[in-house]
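# build me a structure from this.
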Amino acid sequence: MSEFLIDIPERFYSDGEGAPFEKCVVCGKDLLREGTHYVIEKAIKNYKGTDITSTVYEYAMCMDCYVEMQKNMSEESLKNLQKFYESFVQKQGSNIITIDIDTFNLDQWLSKCFFTSQPVNEMEEYQIMAQFKGNHLMLNTPPMAIGQTVAEEMSELLSAKTKGEMDRFREQFLGPPPEIKELFFGKKLLLI
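Okay, the predicted model is just below:
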């Protein structure tokens with residue numbers, strides 16, 4: 001199977017560095033080395049009545065650590081998320097989701113929730129995520145914008161064990177300084 005790759009778009013750069021993520025948040029592996037597979041997730045907050053947004057959290061994780069983290073999810077959570085995705089695919093029916101590599105526009109693609117097609121600029125919060133290989137975004141697995149409502153629905157499908165694991169990850173690797181922690185309390189973390 002051919003790989004469809006584009007240069008890392010600035011939208012997936014680290015906000016803190018203003019450049020591509022260089023290290024895995026968990027193990028520190030060099031992500032920009034050729035052939036290194038990884039994921040990036042960002043949660044974005046919109047400010048109603050303005051065009052202003054801010055990133056609530058962001059991280060890049062190598063695929064080895066990502067797979068390990070998924071192993072820590074309960075079987076119940078994995079089955080529930082699989083059913084959720086299968087239900088979405090069934091609703092799509094013959095409307096297969098495809099990307100035309102010649103006309104692909106990332107901003108347009110991420111302007112709507114992958115699952116509901118609701119515009120993300122109408123939401124209070126949403127998340128974007130994609131898979132990468134070295135200096136490139138991989139289009140074989142489409143990047144996704146996930147709206148706040150869908151993220152909450154998915155969170156409800158997770159077992160207490162999995163929610164605890166997600167909370168541990170968030171505190172260990174994404175935790176904000178204590179003086180602003182209350183601003184981030186309760187943010188949903190997704191691993192799809």
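
# which residues does the spatially most central residue of the chain form a beta bridge with?
What sits nearest the mean C-alpha location of the chain, by CA atoms, centre = their mean, is Met129, with 2.8 Å. Counting by DSSP bridges, Met129 forms beta bridges with Glu41, Met144.

# wait, it touches Lys42, no?
Yes: contact criterion CB atoms under 8 Å: Met129 and Lys42 qualify, at 7.5 Å. No exception for glycine: its C-beta is placed from N, CA and C like everyone else's.

# residue contacts, Met112?
For residue 112 the amino acid is Lys, not Met. Lys112 sits next to Gln118, Pro119, Val120, Ala145 when contact means CB atoms under 8 Å, 6 or more residues apart in numbering.

# what's the pLDDT at the closest residue to the second one other than its chain neighbours?
Looking back up the chat, that one is Pro119. Distance criterion CB to CB, 6 or more residues apart in numbering; nearest residue to Pro119, sequence neighbours excluded, is Lys112 at 5.6 Å. Reading off the confidence values, Lys112 has pLDDT 94.

# what bridges to Ala60?
Ile40.

# near it, how many other residues are there?
23 (other CB atoms under 10 Å).

# ok, Phe104 next?
Applying other CB under 10 Å, we find 14 residues neighbouring Phe104.

# that's a helix at it, yeah?
No: going by DSSP: H, G, I helix; E, B strand; the rest coil, the assignment for Phe104 is coil, not a helix.

# from the chain's centroid, how far away is the one helix or strand Phe169 maps to?
Secondary structure from DSSP states H and E places Phe169 in helix 160-169. Computed by CA atoms, centre = their mean, to the nearest Å, the chain-centroid distance of helix 160-169 equals 17 Å.
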